[in-house]
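[1] Fold the following, please.
(one chain, ligands or ions: 1)
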Amino acid sequence: MAETQEKQPKNVSRRRLMQWLLGMSAAGTAGAMLSSAGTIQSMQRQSKSEEPVTAGDRLVFALGPNKGQAIRHDSILIHEAIYVFPENKDSNHDNLIFLVRLDPKTLQPPTIIEWTAEGFVAYSANCTHLGCTVNFSHEAMEGVPYPHLHCPCHGGIFDPHRSALVVAGPPPRPLPQLPIKINEQGELIAAGWFKEPPGPIPESELQQWRQKNKS
Ligand code: FES
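    Here you go, the predicted structure:
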């Protein structure tokens, strides 16, 4: 966990905040669920915690009238998506998560299926290119005939059915998947940390990542 925390910024920089706001301003279909909440005030960090998401954390709405409330297994329908934070850990922007609900039959490798629950799959919402906040789009595009995750900053597109692999644009690696579960109360909880560090990583680490993932 110590290594994990080293990778987490201690404070949200002005640049990261602007990236977040830029992403939010361009949020597309997901905005239908989020539009009432995209204010600067809602982006301000209320919590004192800078801790990373960890196993057992309840996932809560990041925005909107339900902000701070637990996500239940029936909170969203198939082909809907929402921004969530681990409860009381919204001061760490690296904890921002995109929770997508898909038809479980459409989830494919390299998605880690054991890290999904009833079609819910969770990814970091921080683009791996320069850290803008990604959004969700139902719109089919040329070569992308399915709902997808889209980064408004430079057009990065990720496939949520396949471990958020990059299908277009400059992001150098997928959005890291977060393991999730549904607890006995029917609430979505984290089952660990991200598969890899969220957001942009230093070039030296990126080279190591490329080496490791060379096919
Ligand atoms: S920051 Fe996402 S594509 Fe550039």
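[2] and the chain, which residues reach the ligand?
    By C-beta under 6 Å from any ligand atom, the part of the chain that sits against the ligand consists of Cys127, His129, Leu130, Cys132, Cys151, Cys153, His154, Gly156, Gly169, Pro170, Pro171. Using the backbone N, CA and C atoms, a C-beta is placed for each residue, glycine as well.
[3] same thing but 5 Å
    Cys127, His129, Leu130, Cys132, Cys151, Cys153, His154, Gly156, Gly169 (C-beta under 5 Å from any ligand atom).
[4] which residues of the protein score low on pLDDT?
    Along the chain, the model assigns pLDDT under 70 to residues 1-49, 215.
[5] which residues of it fall in helices?
    Here the chain has its helices, by DSSP state H, at 2-6, 14-25, 31-34, 40-43, 203-212.
[6] circling back: list only those of the residues of the chain next to the ligand flagged as buried.
    The neighbour count (16 or more other C-beta atoms under 10 Å) marks Cys127, His129, Leu130, Cys132, Cys151, Cys153, Gly156 as buried among the residues of the chain next to the ligand.
[7] Take the residues you listed and keep only those in strands.
    In strands, defined here by DSSP state E, there are no members of these.
[8] Can you redo those residues as JSON lines, where the extra columns are distance to Leu63?
    Output for those, formatted as JSON lines (distance: C-beta to C-beta, whole Å):
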{"residue": "Cys127", "distance to Leu63": "18"}
{"residue": "His129", "distance to Leu63": "23"}
{"residue": "Leu130", "distance to Leu63": "22"}
{"residue": "Cys132", "distance to Leu63": "16"}
{"residue": "Cys151", "distance to Leu63": "18"}
{"residue": "Cys153", "distance to Leu63": "19"}
{"residue": "Gly156", "distance to Leu63": "21"}
